[in-house]
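S.K.: based on what follows, work out the 3D shape:
(one chain, ligands or ions: 1)
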Amino acid sequence: MAKIRVLIVGGTGHTGSSVAVVALIRPASIEKPAVRALQEQGVEIREGDLEESEEDLVKALAEIDVVISCVGAPQQQCQIPLANAAKKAGVKRFVPCGFYNGGSSSRRHVAAGSEVVYNHIKRLWLPYTFIDVGWWYQLAFPRLPSGRIDYAVLNATNEIIGGGTVPSAITDLRNIGRYVAKIIADERTLNRMVFAYDTLMTQNQIYDLLEELSKEKIDRNYVPDEALYARGAVVRQSIQENPNDRHQLHLLYLVEYQLSWGVRGDNNPEYAKYLGYLLSKELYPDFEPTSFRDYLESVINGSAKHPYAS
Ligand SMILES: NC(=O)c1ccc[n+]([C@@H]2O[C@H](COP(=O)([O-])OP(=O)(O)OC[C@H]3O[C@@H](n4cnc5c(N)ncnc54)[C@H](OP(=O)(O)O)[C@@H]3O)[C@@H](O)[C@H]2O)c1
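M.R.: Next up, the predicted model:
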């Protein structure tokens, strides 16, 4: 089989560093340790910034077959010039960012800007694959009262949305690259949406599992649906008054995610399928994900990493 040349945008980021082959790095970031780590893995580095001229981006995309964009949530709109450049450079598949959970529904609620990018890609007739993933394992578990896993906990509020009974898809961040490698080499996923997830669990099941493994009783801070909707209304009001308040925008993101996976139950394969997504479990039945139990054991024995440690 001919070699496929893949270019990653956002290779130093959390999602991107689990993918990488040729990485487009903005000049200001070229000295970052994450870039050296990519080079040590044999990744070719090309300099480029999504906010530079489209013509420079076309040059950076020379001889690239597949572009995978892993930019962060605030940079969604920068992907429009990237898509234009990819079209001009003859890229055969464009994977925009992406990587939301909820089989696109949370994307519609949480990051509506990305829908603009997806529609733009379709207007260009640029071949694409849209990939969504489950909530990262690394974000999905609560704090233990002893504090011994604090080093790996991102959200220490221990909030359980509603009754904690809604099944939600979760994906090990470290598996995203494994899924992406399969998806971009697969003709069945061209011009399609794919939902890649490892397992399905309710919040109560996650707490039960962590209690079983840690032998600790975990505080459960139940947040009723109505309280979450009310929180969302307060945040929206505040954003209306102060549209650039990054803290409130972050809170809105969080509330929308919680409503999506905790109340509406969007983050699940059944809903993704209804939306027209292909499911990783059906495409790749032999794929063996890391188990969430194993991951939690690594958190308890101190060998896991905080996803935002760096
Ligand atoms: N499913 C989940 O649970 C989950 C969790 C978190 C995030 N996500 C989603 O995953 C996606 C990626 O997020 P992330 O957290 O992995 O992102 P991230 O860590 O913030 O990384 C962003 C990357 O984009 C690069 N970048 C930013 N602006 C650029 C520009 N102008 N030109 C070139 N490169 C640029 C950054 O490079 P520099 O090194 O130069 O800054 C960095 O490599 C988002 O859509 C996010 O919503 C999903």
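
S.K.: how about low-confidence regions in the stretch 101-250 of the chain?
M.R.: Scanning the stretch 101-250 of the chain for pLDDT under 70 picks out 102-112.

S.K.: quick check: residues of it near the ligand?
M.R.: For the stretch 101-250 of the chain, the contact set with the ligand under C-beta under 6 Å from any ligand atom comprises Asn101, Val133, Trp135, Trp136, Leu139. Backbone N, C-alpha and C define where each C-beta goes, glycine included.

S.K.: so how far is Val22 from the first one?
M.R.: Right, the one you point to is Asn101. Taking C-beta to C-beta, to the nearest Å as the measure, Asn101 falls 27 Å from Val22.

S.K.: so for these two, which residue has more residues nearby?
M.R.: Ranked by neighbour count (other C-beta atoms under 10 Å), Asn101 and Val22 place Asn101 first, with 29 against 20.

S.K.: doesn't the more buried one belong to a helix?
M.R.: No: read with DSSP: H, G, I helix; E, B strand; the rest coil, Asn101 is coil and lies in no helix.

S.K.: name the single longest helix found in the protein.
M.R.: Identified as the longest helix of the chain according to DSSP state H is helix 225-241.

S.K.: what's in contact with that helix?
M.R.: Helix 225-241 is touched from outside by 161-162, 245, 248-249, 251-252, 255-256, 258-259, 262-263, with contacts defined as C-beta atoms under 8 Å, 6 or more residues apart in numbering.

S.K.: helix or strand next in line after it, which one?
M.R.: Where DSSP states H and E defines the elements, the next helix or strand beyond helix 225-241 is helix 246-258.

S.K.: relative to helix 225-241, how tilted is that following helix?
M.R.: Put simply, helix 246-258 runs at 150 degrees to helix 225-241, going by axes from the mean of the first three to the mean of the last three C-alpha atoms, to 10 degrees.

S.K.: convert the C-alpha atoms of the helix or strand following helix 246-258 to CSV, please.
M.R.: Under the assignment DSSP H and E, the closest C-terminal helix or strand after helix 246-258 is helix 269-274. The C-alpha coordinates for helix 269-274 follow below in CSV (Å, rounded to 0.1, in the frame of the first residue of the first chain):
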residue,chain,number,x,y,z
PRO,A,269,-23.7,5.6,20.5
GLU,A,270,-27.4,5.2,20.0
TYR,A,271,-27.9,9.0,19.6
ALA,A,272,-24.7,9.2,17.5
LYS,A,273,-26.1,6.5,15.2
TYR,A,274,-29.4,8.4,14.9
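
S.K.: just grab the bridge partners of the one residue in the stretch 151-300 of the chain that gets nearest to the ligand for me.
M.R.: The ligand sits closest to Thr171 of the stretch 151-300 of the chain, with a gap of 6.7 Å, by C-beta to the nearest ligand atom. For Thr171, the beta-bridge partners under DSSP bridges are Trp136.

S.K.: against Ala304, how distant is it?
M.R.: Going from Thr171 to Ala304 by C-beta to C-beta gives 15 Å.

S.K.: same check on Tyr179?
M.R.: Distance of Tyr179 to Ala304, computed by C-beta to C-beta: 20 Å.

S.K.: now His120: which helix or strand?
M.R.: helix 113-123.

S.K.: quick one: distance of the next helix or strand after that helix to the chain centre.
M.R.: The first helix or strand that comes after helix 113-123 along the chain, using DSSP H and E, is strand 129-133. On the basis of C-alpha atoms, centre = their mean, to the nearest Å, strand 129-133 sits 9 Å off its chain's mean C-alpha point.

S.K.: which strands and helices sit next to strand 129-133?
M.R.: For strand 129-133, the packing partners by 3 or more C-beta pairs under 8 Å, 6 or more residues apart in numbering; DSSP states H and E come out as strand 93-95, helix 176-184, strand 192-196.

S.K.: relative orientation of it and helix 113-123 in degrees?
M.R.: 160 degrees.

S.K.: can you tell me which residues contact the residue of the stretch 1-150 of the chain found nearest the ligand?
M.R.: The stretch 1-150 of the chain approaches the ligand most closely through Gly13 (2.1 Å), counting by C-beta to the nearest ligand atom. Counting by C-beta under 8 Å, 6+ apart, Gly13 touches Cys70, Val71, Gly72.
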